[in-house]
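J.: quick check, what structure comes out for this input:
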Amino acid sequence: MKSRDLNDLNILEIDTKLDENEEALQNLKFQKAMQQLEDPLKIKYLKKEIAQLKTLKREFDIGIRENKS
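T.: Model (predicted):
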């Protein structure tokens, strides 16, 4: 997901996307352990997106960003 697309998300969408990405990361790590992972770079990109989502969530928490109605 592009960073400009992340900026359009509200707090509920961020939470949902964060949960989905954390579950996907866990699955990818399991596949890596079983040596069934086809593209190891997916882990890197997923971790980066999780960090971006956590940053956006924190910005909502401290008041830098506001929910768009």
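J.: secondary structure element for Asp5, which one?
T.: helix 3-6 (DSSP states H and E).
J.: buried set for that helix?
T.: Burial within helix 3-6, assessed by neighbour count using 16 or more other Cβ atoms under 10 Å, is assigned to Leu6. Any C-beta I mention is one placed from the backbone N, CA and C, and that applies to glycine too.
J.: just the terminal-to-terminal distance for stretch 7-16.
T.: Taking Cα to Cα, to the nearest Å, stretch 7-16 runs 15 Å from one end to the other.
J.: what comes into contact with it?
T.: 17, 53, 56-57, 60, 67-68 (Cβ atoms under 8 Å, 6 or more residues apart in numbering).
J.: so which elements touch the helix holding Asp5?
T.: Under the contact criterion of 3 or more Cβ pairs under 8 Å, 6 or more residues apart in numbering; DSSP states H and E, helix 3-6 touches helix 41-62.
J.: Ile43 against Phe30, yeah?
T.: No - applying Cβ atoms under 8 Å, one finds Ile43 not in contact with Phe30, separated by 11.1 Å.
J.: which of those two has more residues huddled nearby?
T.: For Ile43 versus Phe30, neighbours defined as other Cβ atoms under 10 Å are more numerous around Ile43 (16 against 11).
J.: circling back to that earlier point, among the contacts of stretch 7-16, name the buried ones.
T.: 17, 53, 56-57, 60.
J.: in stretch 34-42, which residues are buried?
T.: Leu37.
J.: who touches it?
T.: With contacts defined as Cβ under 8 Å, 6+ apart, stretch 34-42 is touched by 28, 31-32, 43.
J.: farthest-apart pair in the residues you listed, please.
T.: Gln31 and Ile43 (9.4 Å; Cβ to Cβ).
J.: which residues touch the residue nearest the centre of the chain?
T.: By Cα atoms, centre = their mean, the mean C-alpha position of the chain lies nearest to Ile50, the distance being 2.9 Å. Residues in contact with Ile50 (Cβ under 8 Å, 6+ apart) are 18, 21-22, 25.
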